[in-house]
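A.B. asks: below: sequence and its predicted model.
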Amino acid sequence: MTMDYRIIIGLEVHVQLLTRTKLFCGCSTKFGLPPNSATCPVCIGMPGVLPVMNRRAFELALKAALALNCRIAAFTKWDRKNYYYPDLPKNYQISQYDLPFSHDGWLEIPTAAGPKRVGIIRAHLEEDAGKMLHDEAGGGQESKVDLNRAGTPLVEIVSQPELSSPEEARVYLEEMRLLLREIEVSDCEMQEGSLRCDANINLHVPQPDGSFVATPIVEVKNLNSIAAVERAMKYEAERQFEEFQATGKKLGEVSKATAGWDDARRVTRIQRRKEEASDYRYFPEPDLVPITVDAAALERARAGLGELPAAQRARLQTQYGLSAYDAGVLTSQGRALVAYFEEVAQRSGDAKEASNWVTNQVLSTLNERKLTIEQVPLSAAALAELLLQRKETGLNAQRAREVYAHMLETGTTAAEAIRALGFQVVADEGQLLAIVQRAIAANAKAVADYKKGKLKAADAIKGAVMRETKGMAKTEAVQRLLLQELNKV
Ligand SMILES: [Zn+2]
């Protein structure tokens, strides 16, 4: 089936910063505390209190913006976003409106067609609201409010509408999560709400004259997992196309709508007309001083970034000759795994083989045992030793995996494991020569073919030698003796 339309998606991501205390008071940001226990007059909005900015929150936000290649404003200020809701006791949220602290950046994401830069319109700081707890008391009639989250620092990151499929939206979020975790700005736990996402989506439907018609934009909320974002975008694109075919409504003819995603039923529900910025009556926050960002602060933030995932993926390909896919798998697991891989690659001198072992055996060991790379049971040095032994002995893949399993089980070295399993190499040249000669005698047809110039025929004889030695002969030695003997025939 051909595509009948282009999908246009922009994402607004809210990320909770890894500070110990809230944005404008000293209350704890720890997740899971008893309801309303982490509150004070500032974050529950008592009259007469004054907010004081958490410097650490600003530093973390700065790191995030720099990692997203954003331009940092030299001067930034706070604004009040006014609205009424039970989880917002002040009746306004302290946010940033016309002078966000950063803007115009990009995030590079891996796609099948190579790396793609997705523009970032802006990233700004704001405080979170509290949380409504509905129907939890049994009767189903009451709602409660927990203000522990009120005042928690958030960075809102708004992308350009440059994501062109539900899959790209998922990859963008995965990359954002990886990046922010790597630079220790946020733990990005979606189940705990420290990464939340709203998605704006519409379609461009091509017309016979070569132009296209844009459908009205829908903002989808209540997306509680990255998988839910992808599912919701798929559903909403199809729904919009059907609606467009039925009604022909275009962008601008109806106002932007908000929809909630029902992940259980896998449908979006249009909720209401979307508010405009003017509905919030933004005005400058009079209780907080504006912030000026100097070169020294920027330098400090930049120095703490380290190598970012996109750069790391590119380096693994150029430095070690890995495929984009392998580099992507390694990078997606975080810097610690990449460091482990690099040690194995350098010690064993075979990056491709190191990458295969790390992305297959090591990752499945970690998954099976529910361990992190910091708890990896086999050191990089021990794995590298196995790779070297394998090269030395020509141990086949199946045998090498058995050795690996034995090393895991017993904590022995590769050499000890090979001995214990009886996989020693036939190292004695005399013994090996006899086996080669027997194989040549037993494979007259292959020898004749080889003599006629079918060099491939030697493989059959080599296979016979490997079978006889149960794969325990040095490949290099077999090759050498085989050619030597074939030349004598
Ligand atoms: Zn507080």
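C.D. replies: Good, I have the coordinates.
A.B. asks: what residues are up against Glu192?
C.D. replies: Glu192 makes contacts with Phe31, Gly32, as judged by CB atoms under 8 Å, 6 or more residues apart in numbering. C-betas here are computed from N, CA, C, even on glycine.
A.B. asks: over to it. Which of the three states is it?
C.D. replies: Following DSSP: H, G, I helix; E, B strand; the rest coil, the label given to Glu192 is coil.
A.B. asks: look up how far the ion lies from it.
C.D. replies: Glu192 is 19 Å from the ion, where distance means CB to the ion, to the nearest Å.
A.B. asks: adjust the sequence numbering to begin at 575 for everything that follows.
C.D. replies: With the count now opening at 575, the last piece we talked about shows up as Glu766.
A.B. asks: SS state for Leu962?
C.D. replies: Applying three-state DSSP: Leu962 is helix.
A.B. asks: number of nearby residues for the residue lying closest to it once chain neighbours are set aside?
C.D. replies: Among residues not flanking Leu962 along the chain, Ser922 sits closest, at 5.6 Å (CB to CB, 6 or more residues apart in numbering). For Ser922, the count of nearby residues is 22 (other CB atoms under 10 Å).
A.B. asks: name the helices or strands packed onto the least confident helix or strand in the chain by mean pLDDT?
C.D. replies: Within the chain, confidence by mean pLDDT, DSSP states H and E is lowest for strand 841-847 among all helices and strands, at a mean of 83. Packing contacts for strand 841-847, counted by 3 or more CB pairs under 8 Å, 6 or more residues apart in numbering; DSSP states H and E, involve strand 792-797, helix 800-821, strand 831-836.
A.B. asks: of those, which is nearest Leu945?
C.D. replies: helix 800-821 (23.1 Å; CB to CB).
A.B. asks: quick one: average pLDDT of that closest one?
C.D. replies: Mean per-residue pLDDT for helix 800-821: 95.
A.B. asks: can you check stretch 688-695 too?
C.D. replies: 96.
A.B. asks: how about stretch 1008-1015?
C.D. replies: Per-residue scores along stretch 1008-1015 average to 91.
A.B. asks: could you pull out the helices for the stretch 925-1063 of the chain?
C.D. replies: Secondary structure of the stretch 925-1063 of the chain (DSSP state H, counting those that start in this stretch): helices at 925-931, 937-943, 954-967, 971-984, 988-994, 1003-1016, 1018-1025, 1032-1042, 1049-1062.
A.B. asks: which helix or which strand is home to the residue nearest to Gly878 when sequence neighbours are not counted?
C.D. replies: Spatial nearest neighbour of Gly878, chain neighbours left out: Lys637 (6.2 Å); criterion: CB to CB, 6+ apart. Remark: Lys637 resides in helix 629-641, with elements defined by DSSP states H and E.
A.B. asks: ok, then the element right after that helix?
C.D. replies: That would be, after helix 629-641 and using DSSP H and E, strand 645-646.
A.B. asks: which ones are touching Ala925?
C.D. replies: Contacts of Ala925 (CB under 8 Å, 6+ apart): Tyr894, Gly895, Leu896, Ala919.
A.B. asks: and these near the ion, which?
C.D. replies: Among these, none lies close to the ion by the criterion of CB under 5 Å from the ion.
A.B. asks: dump those into a markdown table; add pLDDT, neighbour count and secondary structure as well.
C.D. replies: Formatted as a markdown table, those follow (pLDDT from 0 to 100; neighbours: other CB atoms under 10 Å; DSSP: H, G, I helix; E, B strand; the rest coil):
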| residue | pLDDT | neighbour count | secondary structure |
| --- | --- | --- | --- |
| Tyr894 | 97 | 19 | helix |
| Gly895 | 97 | 12 | coil |
| Leu896 | 97 | 23 | coil |
| Ala919 | 98 | 24 | helix |
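A.B. asks: please list the residues of the chain that sit near the ion.
C.D. replies: For the chain, the contact set with the ion under CB under 5 Å from the ion comprises Cys599, Cys601, Cys614, Val616, Cys617.
A.B. asks: shaky segments in the stretch 675-824 of the chain?
C.D. replies: By pLDDT under 70, the low-scoring segments of the stretch 675-824 of the chain are 710-713.
A.B. asks: 90 instead, please
C.D. replies: Scanning the stretch 675-824 of the chain for pLDDT under 90 picks out 707-717, 765-767, 782, 784, 796, 798, 822-824.
A.B. asks: all strands of it, in order?
C.D. replies: 676-685, 688-701, 705-708, 717-720, 727-733, 769-780, 786-788, 792-797 (DSSP state E, counting those that start in this stretch).
A.B. asks: would CSV of the ones you listed with mean neighbour count be doable?
C.D. replies: CSV is the format used below for the strands of the stretch 675-824 of the chain (neighbours: other CB atoms under 10 Å):
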stretch, mean neighbour count
strand 676-685, 20
strand 688-701, 20
strand 705-708, 13
strand 717-720, 15
strand 727-733, 23
strand 769-780, 21
strand 786-788, 14
strand 792-797, 20
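A.B. asks: okay if I get the ones you listed as a markdown table plus distance to Val950?
C.D. replies: Below are the strands of the stretch 675-824 of the chain laid out as a markdown table (distance: least, CB to CB, whole Å):
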| stretch | distance to Val950 |
| --- | --- |
| strand 676-685 | 25 |
| strand 688-701 | 29 |
| strand 705-708 | 37 |
| strand 717-720 | 39 |
| strand 727-733 | 32 |
| strand 769-780 | 26 |
| strand 786-788 | 50 |
| strand 792-797 | 34 |
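A.B. asks: quick one: closest of those strands to Gly826.
C.D. replies: Of all the strands of the stretch 675-824 of the chain, strand 786-788 comes closest under CB to CB, at 8.2 Å.
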